[in-house]
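J.: Build me a structure from this.
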Amino acid sequence: MTVNNFLTKTKSGLYCFAGDFYLDPVRSMHRAVVSHAHGDHAVANNGLVYCTAPTKAFMDHRHGLRLFTQFNVVEYGKPFFLNDVSITFYPAGHMLGSAQILMEYAGERYLYTGDFKTQADTSCESFEYIKCDHLITETTFASPEYEHPDPVKVLEELAAENVNVVIGAYAIGKAQRISKLITEKFPEIPVYVHPEIIPFNDIYSSFGFDLGTWKPYRRTEFKEQERSFYIVSPSQFRRFSRNKNVLKVFATGWKQSYYECDRVLPISDHADWNGLLEMIRQCNPSKIYTVHGDGTFLKQHLSDSKISVEIL
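T.: Alright, predicted model coming up:
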């Protein structure tokens, strides 16, 4: 399957023959243009990686020293060329360093969103709307049933419980967003962070994104609190499944959590249905190609428009 004969879907990821590179390959390849540092987009041991500075920092921490990987750090808004393809990164709003990738070739503009969100988030760079001819977009929540609420309001409801709360959240991106929201909006409530997450918090701070006043987790101190938040990664969250002394919530945009919990905390780092439609309206593409999710509803919704939709 192809995108206007410019990008080809392969088992390794989307490949651009004209530029001889892969977009977010799922296995190590010779040349990779990487949108962000989550493991399903940024695998180890690529030969040459083009990414933002925060993405490199996260990959360095997660993957360690890789003898055969060379990084080219890319700044937002500054084009570079791979063969005859001009490539420019723009903020995707998904997490620190996440990028939309605009590719220009033979008079056509191809925009790969990677994972993105349009909802406000001061813990990372804000999403930018970019005009394009061909839009290659994630469709994680591309259904009218998904309308993500204001995260401050859902945290206000959680804070009103007056109990110790364990929040399960992905260690890169969502954990930092939640930390910043809690420390900004509820400065009187202690926020503890699991040691596994602290190095990623430190990377955020090193790039100038202050996450507020949080503390490394201390078990005795946490147990002595009457109302506090403890943010843990999914792997650590499983350990609290039988703990009845805390309220266990898992942060996800899905209606249900993959992890056993008392309730879902509806905070997502992906665009919901309305965010996706607004992005399409402002980008104004003539063709859309959907990846990372089910594009069926989107294709049906736009069936009477001038925009064609193809599910890759």
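J.: Do I have it right that residue 226 meets residue 188?
T.: No. Contact between residue 226 and residue 188 fails when scored by CB atoms under 8 Å: they sit 11.8 Å apart. All C-beta spots, glycine's among them, are computed from the backbone N, C-alpha and C.
J.: got any ranges where this structure has weak pLDDT?
T.: Scanning the chain for pLDDT under 70 picks out 65-67.
J.: Quick check: chain neighbours aside, which residue is closest to residue 24?
T.: Distance criterion CB to CB, 6 or more residues apart in numbering; nearest residue to residue 24, sequence neighbours excluded, is residue 41 at 4.2 Å.
J.: any idea how far residue 27 is from residue 99?
T.: 21 Å (CB to CB, to the nearest Å).
J.: Comparing these two, which residue is more hemmed in?
T.: A direct count of neighbours by other CB atoms under 10 Å for residue 27 and residue 99 places residue 99 higher, at 27 against 14.
J.: Is the more buried one bridged to anything, and to what?
T.: residue 91 (DSSP bridges).
J.: So it sits against residue 112, correct?
T.: No. Using CB under 8 Å as the test, residue 99 is too far from residue 112 to be in contact (9.2 Å).
J.: where do the contact lists of these two overlap?
T.: Counting by CB atoms under 8 Å, 6 or more residues apart in numbering, the contacts common to residue 99 and residue 112 are residue 35.
J.: For residue 103, which three-state class applies?
T.: Assigned with DSSP: H, G, I helix; E, B strand; the rest coil, residue 103 falls in the strand class.
J.: Who's the closest spatial neighbour of it, skipping the chain neighbours?
T.: Residue 103 sits nearest to residue 110 (CB to CB, 6+ apart), 4.4 Å away.
J.: measure that neighbour to residue 227 for me?
T.: 49 Å.
J.: Check the gap between the most centrally placed residue in the chain and residue 18 for me.
T.: The chain has residue 94 as the residue nearest its centroid, 3.6 Å off, counting by CA atoms, centre = their mean. Per CB to CB, residue 94 is found 26 Å from residue 18.
J.: repeat for residue 187
T.: Residue 187 is 52 Å from residue 18, by CB to CB.
J.: Who has more neighbours out of those two?
T.: Ranked by neighbour count (other CB under 10 Å), residue 187 and residue 18 place residue 18 first, with 15 against 11.
J.: just to revisit the earlier point, neighbour-wise, which of residue 110 and residue 227 wins?
T.: Just comparing residue 110 and residue 227: by other CB under 10 Å the higher neighbour count belongs to residue 110, 25 against 15.
J.: is it true that the more buried one lies in a strand?
T.: Yes. The assignment for residue 110 by three-state DSSP puts it in a strand.
J.: Name the residues linked to it by a beta bridge.
T.: residue 103, residue 134.
J.: can you offset everything so residue one is 301?
T.: With 301 as the first residue, the last one maps to residue 410.
J.: check contacts around it.
T.: 303, 304, 306, 307, 402, 403, 404, 432, 433, 434, 436.
J.: cutoff 10 Å now
T.: 303-304, 306-307, 316, 323, 385, 387, 401-404, 432-436, 585, 587, 589 (CB atoms under 10 Å, 6 or more residues apart in numbering).
J.: Now the buried members of those.
T.: Applying 16 or more other CB atoms under 10 Å to those, the neighbour count classes 303, 306-307, 316, 323, 385, 387, 401-404, 432-436, 585, 587, 589 as buried.
J.: With the flanking residues excluded, which residue is spatially nearest to residue 335?
T.: Of all residues apart from its sequence neighbours, residue 414 sits closest to residue 335 (CB to CB, 6+ apart), at 2.9 Å.
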